[in-house]
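[1] Would you be able to build a 3D model of this:
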Amino acid sequence: MIDDPPPSPCTKVCSIDRRTGWCLGCFRTGEEIGAWPALDTVGKQALLERLADRRRQADPS
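    Down below sits the predicted model:
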């Protein structure tokens, strides 16, 4: 079984929050955005999990 890599978390809302350093759309840092294409499937899945945590931190409700 071939694992397809997950799609990019980009939401086309590209603006970096100066306080957190995270994109307001996808919650990645500039470094993570640049590294995305080179990550393997496991790396992309791990990053997506971190992004979910960041999203919860940004909106704990």
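[2] Please name every helix or strand in contact with the helix or strand containing residue 33.
    Using DSSP states H and E, residue 33 falls within helix 30-35. Based on contacts counted as 3 or more C-beta pairs under 8 Å, 6 or more residues apart in numbering; DSSP states H and E, there is no element that helix 30-35 packs against. Heads up, the C-betas are built off the backbone N, CA and C, glycines and all.
[3] Would you mark the buried spots in the very next helix or strand once past it?
    Sequence-wise, the next helix or strand downstream of helix 30-35 (DSSP H and E) is helix 41-58. Neighbour-count burial for helix 41-58, counted by 16 or more other C-beta atoms under 10 Å, picks out 44, 47, 48, 51, 54.
[4] Could you save the residues you listed as a markdown table and add columns showing distance to residue 60?
    Formatted as a markdown table, the buried residues of helix 41-58 follow (distance: C-beta to C-beta, whole Å):
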| residue | distance to residue 60 |
| --- | --- |
| 44 | 25 |
| 47 | 21 |
| 48 | 19 |
| 51 | 15 |
| 54 | 11 |
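[5] Pick out whichever of the residues you listed sits closest to residue 17.
    The nearest member of the buried residues of helix 41-58 to residue 17, counting by C-beta to C-beta, is residue 54 at 10.4 Å.
[6] quick revisit: check the offset of the helix holding residue 33 from the chain's centre.
    Here helix 30-35 is found 9 Å from its chain centre; the criterion is C-alpha atoms, centre = their mean, to the nearest Å.
[7] Go ahead and produce PDB holding the CA coordinates of it.
    Taking Å, rounded to 0.1, in the frame of the first residue of the first chain, the C-alpha atoms of helix 30-35 are listed here in PDB:
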ATOM      1  CA  GLY A  30       8.100  30.600   7.300                       C
ATOM      2  CA  GLU A  31      10.700  27.900   7.700                       C
ATOM      3  CA  GLU A  32       8.100  25.200   7.900                       C
ATOM      4  CA  ILE A  33       6.300  26.600   4.800                       C
ATOM      5  CA  GLY A  34       9.600  26.500   2.900                       C
ATOM      6  CA  ALA A  35      10.400  23.000   4.100                       C
END
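[8] how about stretch 27-34: buried residues?
    By neighbour count on 16+ other C-beta under 10 Å, the buried set for stretch 27-34 is 27, 28, 32, 33.
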